[in-house]
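Undergrad: curious how this folds, go ahead:
(one chain, ligands or ions: 1)
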Amino acid sequence: MPSRPGQLVVLSGPSGAGKSTVLDALLANYPRHLRLAVSATTRPPRPGEVDGKDYYFLSPEEFQRRRQRGDFLECCEVFGRGHWYGTLHSEVGPSLAEGISVILEIDVDGARQVLRHYPDAMTIFLRPSTPAELERRLRSRGTETEEAIQRRLQVAKRELEYATTYRWQIINDHVDEAVEQINIIFNAQGIPS
Ligand code: 5GP
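TA: Predicted structure coming up:
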């Protein structure tokens, strides 16, 4: 048994906050002591997404069967998405027991559920400095209709209302600075690099 169990880290933030970029940097910085929990979802895979790596892609029936069986640490129909997403206990418990910290990239409703099981979870909310910057980033993708952008902005607004319930809020205007701040938090909380 390891001398110390791993820590559970929850990373949330609105679409456009840069969660994936920050997450990739953190996983690279903590190659041995941090792993990402692969979520399950009922949404169909996007081109290039791999089952078991990006998500476990489940049918709605399989998802609900597993939900009823109690397989999920948290799960919900993610606001504004129309699909179910969830974290399986099997993605979290075994790693923590091995002394490896686990990071979840989940929405604000999922984060609330996680805190019921793991009240000491390290909750981190990532956001750009202003709502205008968030809107600029969502628009700069250039691939979405005005209607889709408005929907994302609505969802983002709701997510931002929960920001203060997280232990740490990190402004991500510059990725390197955001990652450095999280490194400092991880070091202070005893996650070895
Ligand atoms: P996407 O479909 O773009 O990959 O993810 C959409 C949203 O679902 C993101 O905001 C992400 O945080 C959230 N999400 C992804 N996995 C999970 C999960 O396991 N649980 C919850 N509650 N939300 C998730």
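
Undergrad: looking at this protein, which residue is nearest the ligand?
TA: Nearest residue of the chain to the ligand: Gly110, at 2.4 Å (CB to the nearest ligand atom). Bear in mind the C-beta positions are built from the backbone N, C-alpha and C, glycine included.

Undergrad: please report how far the residue most central in space within the chain lies from Ile184.
TA: Centroid-nearest residue in the chain, with CA atoms, centre = their mean: Glu105, separated by 1.1 Å. Taken as CB to CB, to the nearest Å, the spacing of Glu105 relative to Ile184 amounts to 20 Å.

Undergrad: can you check Ile106 too?
TA: For Ile106, the distance to Ile184 equals 23 Å [CB to CB].

Undergrad: rewinding a little: the residue nearest to the centre of the chain and Leu23 touch, don't they?
TA: Yes: contact status for Glu105 versus Leu23: in contact at 5.9 Å, counting by CB atoms under 8 Å.

Undergrad: give me the common contacts of those two.
TA: 11, 36 (CB atoms under 8 Å, 6 or more residues apart in numbering).

Undergrad: tell me the pLDDT of Gly48.
TA: Each residue has a pLDDT score; the one for Gly48 is 96.

Undergrad: next: the one 3 residues further on.
TA: The predicted structure scores Asp51 at 98 on the pLDDT scale.

Undergrad: likewise Glu144?
TA: As predicted, Glu144 sits at a pLDDT of 81.

Undergrad: still on that earlier bit, more neighbours: which of Ile106 and Ile184?
TA: Summary of the neighbour comparison: Ile106 and Ile184, criterion other CB atoms under 10 Å, with Ile106 having more neighbours (24 against 10).

Undergrad: hmm, that one is touching Glu74, no?
TA: Yes: taking contacts as CB under 8 Å, Ile106 lies within contact range of Glu74: 6.8 Å.

Undergrad: show me the contacts for the closest residue to Tyr55 other than its chain neighbours.
TA: The shortest distance from Tyr55 to any non-neighbouring residue, by CB to CB, 6 or more residues apart in numbering, is to Thr41 (4.8 Å). Residues touching Thr41, when contacts are defined by CB under 8 Å, 6+ apart, comprise 55-58, 63, 83-86.

Undergrad: ok, now with 7 Å
TA: Going by CB atoms under 7 Å, 6 or more residues apart in numbering, Thr41 touches 55, 57, 83-85.

Undergrad: which residues are in contact with both of Ile106 and Glu74?
TA: Between them, Ile106 and Glu74 share the neighbouring residues Thr87, with contact defined by CB under 7 Å, 6+ apart.

Undergrad: if we can go back for a sec, just read off the phi/psi values of the residue nearest to the centre of the chain.
TA: phi -110, psi 100 (degrees, to the nearest 10).

Undergrad: ok, which residues in this protein are in contact with the ligand?
TA: Applying the criterion CB under 6 Å from any ligand atom, the portion of the chain that neighbours the ligand consists of 39, 43, 74, 76, 78, 81, 85-87, 105-107, 109-110.
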